[in-house]
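Chemist: Provide a 3D model corresponding to the input given below.
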Amino acid sequence: LHTWDFLVPTLEQALPGYRVRLQTLDVASLRRVVAHAQADFFIANSGFFVEMESKYGATALATVDAPRAKSPQQALGSAIVSLAARGDLTTLAAVKGKRVIAVSEELFGGYQVAIHALHKAGVARDDLASVRFVGYDTDRLLSELASGRADVAIIRRCLFEKLTATPRFPRGLFRVIEEQPPDRTGCVVSTPLYPDWAFARLKDTSPELARQVALALLAMPSSGEGYAWTVPMNYDSVHEVLRTVEIGPYE
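Modeler: Below is the predicted model:
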C-alpha cells in the first residue's frame, strides 16, 4: 500500500471538494468492486486491467512509470526458475511434464506471462504434470524448489533478485531458464516484457472528473521511491497473452 500513498494528498490538492479514499483489495474483491461500479477508479496490473476493459468498459488514464522497469511499455515479466543442478531443465520446452509452482493464477507477471511463454515454446498448460499456487508467502517459491517438491517456479520480474539476496537462498543454487540479457535494472526474466500497471476509470465515472484526475496524475512528481505516472501504454500485447492462453476475457 505504501507504494500508492503519495496519490491521496496529491489528488486531493488537485480536486478541491473531493475526499480521496484509497483501499487495498485482493483480486477477487477488486473484480467485484469493478463489476458493481463501487469505485470511481482502480489501479491494477495490465492483465487485470485488460479483463476489466473488455468486460466492463474500463479505460486507462495513465500507466505507472516504475523505477525498476525498463520502460512503462516494458515492465512486467516472469523469471521461470529451476535448481541450477537440474541439467534436464535448460530450455522452456523442457518444462513439459514438470511440476510448476506460482503465487496465484490471477497474477499477470507472476503467472500468466510465463504460461504464455511456455505455450509459445510448445508447452501447453495441460502438458505440465501439475501447477500449484502457494499464495503470497513468496519464500515458498524457492523453498519448494530447494526441497524437491517442485521442478519449476514462476516468479515475477525483479522478485527473484530480492529472494536470492539473502544467505537462505544463494543465487547460484538456481537457474533462470532461457534467461534474457539483463537490462540496466539487473532483473532477469525468461519472457518478453509487457506494459506496467494501469490507473483506470470505470465506465460510469464522470468524464470531467476523469479528465481532472488524468491531468493530476501526469503532473504528479515522482514519489520518494521513484514512482511516477505517464500516458497510457498500448495494451495489445497483453490482449495477445490472454487470448493465446484463453484466460481473462478470452476464457
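Chemist: Determine which residue lies closest to the centroid of this structure.
Modeler: Closest residue to the average C-alpha location of the chain: Gly109 at 3.6 Å, with Cα atoms, centre = their mean.
Chemist: so who does that one touch?
Modeler: By Cβ atoms under 8 Å, 6 or more residues apart in numbering, Gly109 lies in contact with Asn45, Leu76, Gly77, Ser78, Arg156, Arg157, Tyr194. C-beta: built from backbone N, CA, C; applies to glycine.
Chemist: Could you check the helix ranked longest in the chain and say which residues are buried?
Modeler: Using DSSP state H, we find that the single longest helix of the chain is helix 207-219. Using 16 or more other Cβ atoms under 10 Å as the test for burial, helix 207-219 gives Ala210, Gln212, Val213, Ala214, Ala216, Leu217.
Chemist: So Tyr235 is in contact with Pro195, correct?
Modeler: Yes: Tyr235 is within contact range of Pro195, at 5.7 Å (criterion: Cβ atoms under 8 Å).
Chemist: in this structure, which spans are strands?
Modeler: Using DSSP state E, the strands of the chain run over 41-44, 59-65, 78-83, 99-102, 130-133, 152-156, 174-176, 198-201, 228-230.
Chemist: now the last one, how far from the chain's geometric center?
Modeler: Taking Cα atoms, centre = their mean, to the nearest Å, one finds the center of strand 228-230 at 17 Å from the center of the full chain.
Chemist: That one pairs with which strands, parallel or anti?
Modeler: Partners of strand 228-230 in the sheet, by DSSP bridges, are strand 59-65 (antiparallel).
Chemist: With the third one instead?
Modeler: Taking DSSP bridges as the criterion, strand 78-83 pairs within the sheet with strand 152-156 (antiparallel), strand 174-176 (antiparallel).
Chemist: contact partners of that strand?
Modeler: The contact list for strand 78-83 (Cβ under 8 Å, 6+ apart) reads 89, 92, 95, 109-111, 113-114, 117-118, 141-142, 145-146, 151-157, 159-160, 173-179, 188-191.
Chemist: quick check: mean pLDDT across stretch 48-55?
Modeler: If you average the pLDDT over stretch 48-55, you get 96.
Chemist: swap in stretch 224-231?
Modeler: Per-residue scores along stretch 224-231 average to 89.
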